[in-house]
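Engineer: this one's sequence-less:
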C-alpha cells in the first residue's frame, strides 16, 4: 500500500495514523477508511478543522467508528474539513486549505474536502464525510468520485460533532458504488444513542445492487437546467440522460419550483441550529479558553469564542442567533420551517412520477482557491444539494464527465436523489450508470 | 423581512452570540449579513399561509428509555480536555458581579 504521509501533498489529512492492525474478520476486512475530522474517535484527536478543538481527545468513539472497526475496516486517519463542516471549499480550515488532486490551484469542494481529495488521489480506498447541505456530494463531484448521503436517520449521528442536527448525515466517499453500499449497509441500523435514528434494522443495500431496475423512471426537473450551469456541466448531464435512455430508462419531466428558495431556506435553518449547537463551546469544560485576564464570565465566553472560531463560523452563529431572537423568530425561522414542509411535499409529488431525480451536483466544476470570497457565492454552490437535506431524502454524486480548463480535465458530478429510505433503489440506479460508463476509472495526473 | 442590518443590530447579535468582535469585524459582518439577508428575503415569494412548520424530517416524537444506570465516563475522562482544573473540579474565574 502507498504511504499516505509521503503522498499527501494536498493537505487532505490532519492526522495520519500508523497502519492499524484490525484482526476483526468481517465484510470490510482490509478496506481502508479515512475519517472526516468532525467524527469523534478515541484514537488521535478530533478538531473539526477548528482552533476551538485543537488537541481535543474524545473519550468515546462515534457509533459508525465502532461499527467499521467491528467489520474489519482499517482506519487510516482524520481528514481536514471546513471549520465545523461549514463551507463548500475546505479553504476555511484552521490547518490550511485542502487542494484538489485534479488541479492543485483549485479547491476540492467542501466541507468534506479532505476526505474527497484523499480518495480521489487514491491515498485510501474510502472515506467518511458528513453532509448538511451538500458537504459530501459537492466535493465528490469536484474530485471525480462517488459521494453518498443516505436518507436522514439511516446512519447514527452519535459522535458526529453537531452542526445542524436536523440536516446533518454521515455518508461515504469511494470510487465505486459497491463500496458506498457496503459501508453504509455496515454502519446503518438502529442506535439507542441517536434518538433520531430509524428503528428498523439496516437495509440490504448490496444484495440486489447489480440488478438493473426494469422500467426505471428518471425525473428531470426543468429547474436543474439552465443558464446558471456551466455549458460543460449541461453537456455531461445530457450525456448521462442518454446513457440512462440507452439502458431502457424513461425520462419524466417533473417540477421542483422551490429549488430556487432552497439556499434561502437553508440560510435560515442551518445557522439557527448551528447557533444553538455551538453554544456549548464556552471554554470551560473543553475547547479553547482565552489567556486574557477576564473580569467576568461573559468576557471569558466571548473572548474564548472570538479567538477559537473562524470568520465563517462566527457569521453563521450570528445569523442563527438573529433569526431565532425575539421578534424575528416567526418571520424567519418559523417561516423557513413552513417552506421546509412545502419542499417535502414537492418531492413527495415528484416521487409519485419517478424513481430517482437526476441533475447536476453543482452548477460548475472546481473553482480556484480564493475565487469565491463573498459568503453568498459560496453558499450558492449547494443550490442543487441543499433541498435533499432540508427534506431528509437520499442523494448520490457520481462522476459523469470532464470539463477541460487551462489544459486540465476537471470532473463533473451527476446528482441522483431518491425518496425517503429508498436508498437501495437509488444505489441500484447509480450502479447501472457506473456499469455503463468509465468516468470513475479516470485518475488525476498525480496518480501513477 | 429585512434586507440590511445596522451596526448596532450586529453589535447586539454579537453580544447575544457571546462573540467579542472589533469595530472592523462588526462592519464587515454587517455587510456580509446584509447580503445574506437580502437572499433570504426570496422566501417572501413563497405562500406559506396555513402550512404547518416542519422542524424535523422524521417528525419523530420524543423517544424515552428506561431510567436505569448504564455506562458513564469516569471523572478523570470528563476532566481530561478541560482548559483548567483544580482537584476534581473545572476551574473558572470569579463569576459573581459581572454579566454572564
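Structural biologist: Looks like it came in fine. Remember, predicted model here, so these are calculated numbers, not experimental data.
Engineer: pLDDT wise, what is the residue nearest the centre of chain B at?
Structural biologist: Closest residue to the average C-alpha location of chain B: residue B:17 at 6.4 Å, with CA atoms, centre = their mean. We note a pLDDT of 98 for residue B:17 in this prediction.
Engineer: Okay, buried residues for stretch A:254-270 please.
Structural biologist: A:254, A:256, A:258-259, A:261-270 (16 or more other CB atoms under 10 Å in any protein chain shown). Glycine gets a C-beta too; all of them are placed from N, C-alpha and C.
Engineer: List, out of the residues you listed, those positioned next to chain B.
Structural biologist: A:258, A:261, A:263, A:264, A:265, A:267, A:268 (CB under 8 Å from any CB of the partner chain).
Engineer: if you skip the residues just before and after it, what's nearest to residue A:427?
Structural biologist: Once flanking residues are discounted, residue A:427 sits nearest to residue A:181: 5.0 Å by CB to CB, 6 or more residues apart in numbering or on different chains.
Engineer: which residues are contacting the strand or helix carrying the one you found?
Structural biologist: Element membership for residue A:181 (DSSP states H and E) is helix A:177-187. Residues from elsewhere that reach helix A:177-187, judged by CB atoms under 8 Å, 6 or more residues apart in numbering or on different chains: A:26-28, A:31, A:33, A:63-64, A:67-68, A:71, A:73, A:125-126, A:128, A:146, A:148, A:150, A:154-156, A:170-172, A:174, A:202-206, A:209, A:396, A:398, A:423, A:427, A:430-431, A:434.
Engineer: What's the mean pLDDT across it?
Structural biologist: 98.
Engineer: which residues sit in contact with residue 51?
Structural biologist: Chain wasn't specified; assuming chain A. A:94, A:288, A:307, A:308, A:309, A:310 are the contacts of residue A:51 under CB under 8 Å, 6+ apart.
Engineer: not what I meant, chain B
Structural biologist: Contacts of residue B:51 by CB under 8 Å, 6+ apart are A:338, A:339, A:341, A:342.
Engineer: and the residues you listed near chain B, which?
Structural biologist: A:338, A:339, A:341, A:342.
Engineer: Among those, which ones are in helices?
Structural biologist: Judged by DSSP state H, those include A:338, A:339, A:341, A:342 as members of helices.
Engineer: Show me which of those residues is closest to residue A:99.
Structural biologist: Using CB to CB, residue A:339 is the member of these that lies nearest residue A:99, at 36.6 Å.
Engineer: Pretty sure that closest one sits against residue A:266.
Structural biologist: No. Using CB atoms under 8 Å as the test, residue A:339 is too far from residue A:266 to be in contact (10.2 Å).
Engineer: Name the single longest helix found in chain B.
Structural biologist: Assigned via DSSP H, chain B shows its longest helix as helix B:23-40.
Engineer: Identify the residue nearest the residue of the stretch 51-200 of chain A at minimum distance from chain B in space, chain neighbours excluded?
Structural biologist: Ranked by CB to the nearest CB, the top residue of the stretch 51-200 of chain A for proximity to chain B is residue A:59, at 4.2 Å. Of all residues not flanking residue A:59 in the chain, residue B:77 sits nearest, at 4.2 Å (CB to CB, 6+ apart).
Engineer: quick one: that neighbour is in a strand?
Structural biologist: No. Assessed with DSSP: H, G, I helix; E, B strand; the rest coil, residue B:77 is helix; it does not lie in a strand.
Engineer: give me the residue from chain A nearest chain B.
Structural biologist: Of all residues in chain A, the one sitting closest to chain B is residue A:296 (2.2 Å; CB to the nearest CB).
Engineer: Would you check that that residue makes contact with residue A:302?
Structural biologist: No. Shown here, residue A:296 and residue A:302 do not form a contact pair, counting by CB under 8 Å, at 10.2 Å.
Engineer: just the strands in the chain please.
Structural biologist: I'll assume chain A. A:13-16, A:32-36, A:74-79, A:126-131, A:146-149, A:169-174, A:217-221, A:250-254, A:356-360, A:394-405, A:408-418 (DSSP state E).
Engineer: wait, chain B
Structural biologist: Under DSSP E, chain B gives strands at B:85-86, B:89-90.
Engineer: got TSV for these, with mean neighbour count and distance to chain A too?
Structural biologist: Shown next, in TSV, are those (neighbours: other CB atoms under 10 Å in any protein chain shown; distance: least, CB to the nearest CB, whole Å):
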stretch	mean neighbour count	distance to chain A
strand B:85-86	12	10
strand B:89-90	12	6
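Engineer: Nearest to residue B:5 among these would be which one?
Structural biologist: Among the strands of chain B, strand B:89-90 comes nearest to residue B:5, with 35.7 Å by CB to CB.
Engineer: re earlier: could you say which one of the strands of chain B comes nearest to residue A:250?
Structural biologist: Sorting the strands of chain B by CB to CB, the top spot, which is the nearest, belongs to strand B:89-90 at 62.0 Å.
Engineer: one step back: which ones are touching the residue of the stretch 51-200 of chain A closest to chain B?
Structural biologist: Contacts of residue A:59 by CB under 8 Å, 6+ apart are A:42, B:73, B:77, B:78, B:80.
Engineer: Save the strands of chain B as JSON lines, and put in mean pLDDT too.
Structural biologist: Below are these laid out as JSON lines (pLDDT from 0 to 100):
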{"stretch": "strand B:85-86", "mean pLDDT": "94"}
{"stretch": "strand B:89-90", "mean pLDDT": "94"}
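Engineer: looking at the ones you listed, which is closest to residue A:317?
Structural biologist: Nearest of the strands of chain B to residue A:317, taken as CB to CB: strand B:89-90 at 22.9 Å.
Engineer: which other residues reach that closest one?
Structural biologist: Strand B:89-90 is contacted from outside by A:284, A:285, B:79, B:82, B:84, using CB under 8 Å, 6+ apart.
Engineer: Mind checking which of those residues are buried?
Structural biologist: Members of the contacts of strand B:89-90 classed as buried by 16+ other CB under 10 Å are A:284, B:79, B:82.
Engineer: Next one: the residue nearest to residue A:331 when sequence neighbours are not counted from residue A:332, what distance?
Structural biologist: Nearest non-adjacent residue to residue A:331, counting by CB to CB, 6+ apart: residue B:1, 6.0 Å away. Shown here: residue B:1 relative to residue A:332, a distance of 7 Å by CB to CB, to the nearest Å.
Engineer: likewise residue A:229?
Structural biologist: Between residue A:229 and residue A:332 the computed distance is 30 Å (CB to CB).
Engineer: Which one of the two is surrounded by more residues?
Structural biologist: residue A:332 (26 against 20; other CB atoms under 10 Å in any protein chain shown).
Engineer: isn't that one right next to residue B:41, touching?
Structural biologist: No. Checked against CB under 8 Å, the pair residue A:332 and residue B:41 is beyond contact range at 10.0 Å.
Engineer: what's the overlap in contacts for those two?
Structural biologist: What both residue A:332 and residue B:41 touch, as defined by CB under 8 Å, 6+ apart, is the set residue B:1.
Engineer: check contacts around the residue nearest to the centre of chain B.
Structural biologist: Counting by CB under 8 Å, 6+ apart, residue B:17 makes contact with A:275, A:305, A:314, A:317, A:318, A:321.
Engineer: Give me the subset of those lying in helices.
Structural biologist: Judged by DSSP H, helices contain the following of the contacts of residue B:17: A:275, A:305, A:314, A:317, A:318, A:321.
Engineer: of the residues you listed, list those near chain B.
Structural biologist: Among the ones in helices among the contacts of residue B:17, chain B is touched by A:275, A:305, A:314, A:317, A:318, A:321 when using CB under 8 Å from any CB.
Engineer: Most neighbours among those residues, please name it.
Structural biologist: Using other CB under 10 Å as the neighbour test, those are led by residue A:317, with 28 neighbours.
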